[in-house]
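Asks: this one's structure only:
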């Protein structure tokens, strides 16, 4: 837009967390009722899912609706309703993959015993760093020459080449402590809306981190999901800062 670009799915992730928190705080214990509690919010999540799939960004769409389902479950929704809600998402994902030939090709490559090029290069880069990495030698060059998307999908592999196993370990522990702190805030605050915002933020960061790391080590297909506060991506970084700005506001208001 006039030389300025942004990723709509990141705004969707931000807004659905705030909307879900408002909805759940307003409904209270009524979330256990399927028709008046669970279904309205679930349909909003499915609407977001369909809009983001139309980009097409299937990975972000799945994360958005799974985040909504997780928030609802933590808020008190019945596990049967949550499981029931997963099946339309699976069906929608399969249909979306079949609609876009490039997605089918990527999925077939993932299940191919030989793997896909990006994952192969990711594992080589990560393994070449050894225990402490190549930072003492000026950093590794593999990520600049052979590893695609070393600044985003496979940022963890670049870190592994430069800083080795210990570098990946430190980043993983830091993200875990960040998520743990968010859920501690959720347990601490007394306001329902603030609590559910914290839950949504923690769940969102956790899922993004798991998918990005899973992609780097080859256990999940590449989806273009960023590693929060580590990967390149202007919109993702701005949205994450906005979310954590809200969390800091919640802490200051409840201090």
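Replies: Perfect, thanks for sending it. This structure is a prediction, so every number in the text was calculated from the model and none was measured.
Asks: and stretch 68-79, which residues are buried?
Replies: Buried residues in stretch 68-79, counted by 16 or more other CB atoms under 10 Å: 68-75, 77-78. C-beta coordinates here come from the backbone N, C-alpha and C atoms, glycine included.
Asks: Throw those residues into CSV and include distance to residue 36 and secondary structure, thanks.
Replies: Output for the buried residues of stretch 68-79, formatted as CSV (distance: CB to CB, whole Å; DSSP: H, G, I helix; E, B strand; the rest coil):
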residue, distance to residue 36, secondary structure
68, 17, helix
69, 17, helix
70, 20, helix
71, 17, helix
72, 13, helix
73, 17, helix
74, 19, helix
75, 14, helix
77, 12, coil
78, 13, coil
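Asks: Pick out whichever of those residues sits closest to residue 51.
Replies: Distance to residue 51, by CB to CB, is smallest for residue 68 among the buried residues of stretch 68-79, at 13.5 Å.
Asks: Enumerate every residue touching the nearest residue to that closest one once chain neighbours are set aside.
Replies: Leaving aside its sequence neighbours, residue 68 sits nearest to residue 45 (CB to CB, 6 or more residues apart in numbering; 3.6 Å). Contacts here follow CB atoms under 8 Å, 6 or more residues apart in numbering; on that basis residue 45 touches 16, 20, 64-65, 68-69.
Asks: closest to residue 119 among the residues you listed?
Replies: Nearest to residue 119 among the contacts of residue 45: residue 64, at 24.6 Å, using CB to CB.
Asks: need the contact list for the spatially closest residue to that closest one that is not a sequence neighbour.
Replies: Nearest-residue entry for residue 64: residue 48, 5.2 Å, with adjacent residues in sequence omitted and distances by CB to CB, 6+ apart. By CB under 8 Å, 6+ apart, the contact set of residue 48 is 12, 16, 61, 64-65, 68.
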